[in-house]
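**Student:** Okay, here's the prediction I keep looking at, along with the sequence it came from:
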Amino acid sequence: MEKLPRYRFVCTLSFGDIYGQIIIWLIVIFLSLASALALWSSDRHIYALATVGLILVLSLPFLLFAFVTTLLNHIEVSPMGQTETTETPRGNTPLQKPASATN
């Protein structure tokens with residue numbers, strides 16, 4: 001039986017990739033709360049709660065879809081060579097500097 005080819009999975013997602021999505025969703029949340037406060041002051045309390053609930057329920061699937069697709073777009077799959085291993089290199093990499101005590 002032949003060995004199956006090995007692949008390396010690398011996630012390159014950073015906070016900057018989802019930063020805009022978070023800002024837009026926070027704007028949606030604040031607008032829904034502002035509309036709820038406007039309705040709350042006019043003796044329509046149930047409409048105010050329904051407005052916030054409806055906006056949250058309708059915006060969460062879009063937020064989840066945006067996060068998942070962004071995550072999937074930042075996963076790299078590359079075949080590994082015969083001599084490569086799946087171990088994570090230990091120790092200092094060229095980009096890391098050793099920790100030093102400061103006075």
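**Tutor:** That came in fine, so what should we check first?
**Student:** Rounded mean pLDDT for stretch 48-55, please.
**Tutor:** Mean per-residue pLDDT for stretch 48-55: 84.
**Student:** I would like the residues contacting that stretch, please.
**Tutor:** If you take C-beta atoms under 8 Å, 6 or more residues apart in numbering as the criterion, stretch 48-55 is touched by Val28, Ile29, Leu31, Ser32, Leu33, Ser35, Ala36, Leu37, Leu39, Trp40. Any C-beta I mention is one placed from the backbone N, CA and C, and that applies to glycine too.
**Student:** so which of the residues you listed comes closest to Glu76?
**Tutor:** The nearest member of those to Glu76, counting by C-beta to C-beta, is Val28 at 31.1 Å.
**Student:** Spatially nearest residue to that closest one, not counting backbone neighbours?
**Tutor:** Among residues not flanking Val28 along the chain, Ser59 sits closest, at 5.3 Å (C-beta to C-beta, 6 or more residues apart in numbering).
**Student:** Centre of the chain to whichever strand or helix holds Leu64, how far?
**Tutor:** Using DSSP states H and E, Leu64 falls within helix 45-73. With C-alpha atoms, centre = their mean, to the nearest Å as the basis, helix 45-73 stands 15 Å off its chain's centre.
**Student:** Can you flag the buried ones in the contacts of stretch 48-55?
**Tutor:** By neighbour count, with 16 or more other C-beta atoms under 10 Å, the contacts of stretch 48-55 hold Val28, Ser32, Ala36, Leu39, Trp40 as buried.
**Student:** In helices only, show me those residues.
**Tutor:** In helices, judged by DSSP state H, the following of those are found: Val28, Ser32, Ala36, Leu39, Trp40.
**Student:** pLDDT weak spots in this structure?
**Tutor:** Where the chain drops to pLDDT under 70, the residues are 1, 42, 86-99, 103.
**Student:** how does it look with 90?
**Tutor:** 1-26, 28-64, 66-67, 70-71, 74-103 (pLDDT under 90).
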